[in-house]
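J.: Have a look; sequence and predicted model below, questions after that.
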Amino acid sequence: MDVNNERLKLLLHQTDSAFQALLQQPDSAERNYAYESAKQELDTYIASVRKTLTQRISSQL
């Protein structure tokens, strides 16, 4: 689980950094794309973790 926590920390940091950069230049297409990409990667990872946890819980019942 530590690996998952490190991955989550990294994705949160990347998303936060991209958001902060976007706040500096809100009209920048490049920064908007970077933020949307980081956010999508974080969302995908969270969905994957949820699916794994749901499967573990289901298999224990």
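T.: Here it is on my side, so go on.
J.: Now the residue nearest to the spatial centre of the chain. Nearest residue, chain neighbours left out?
T.: Centroid check for the chain by Cα atoms, centre = their mean gives residue 42 as the closest residue, at 1.4 Å. Nearest residue to residue 42, sequence neighbours excluded (Cβ to Cβ, 6 or more residues apart in numbering): residue 11, at 4.4 Å. All C-beta atoms are positioned from the backbone trio N, CA, C, and that covers glycine.
J.: buried residues in the lengthiest helix in the chain?
T.: Taking DSSP state H as the criterion, the chain has its longest helix at helix 29-60. Buried residues in helix 29-60, counted by 16 or more other Cβ atoms under 10 Å: 31, 34-35, 38, 42, 45.
J.: just curious, which of those residues is nearest to residue 3?
T.: residue 45 (12.0 Å; Cβ to Cβ).
J.: you'd agree the closest one is up against residue 10?
T.: No - using Cβ atoms under 8 Å, residue 45 and residue 10 do not qualify as a contacting pair, with a distance of 9.6 Å.
J.: hmm, back to that, list the residues that contact the residue nearest to the centre of the chain.
T.: 11-12, 14-15 (Cβ atoms under 8 Å, 6 or more residues apart in numbering).
J.: Output the below-cut-off pLDDT ranges for this structure.
T.: Along the chain, segments meeting pLDDT under 70 span 1.
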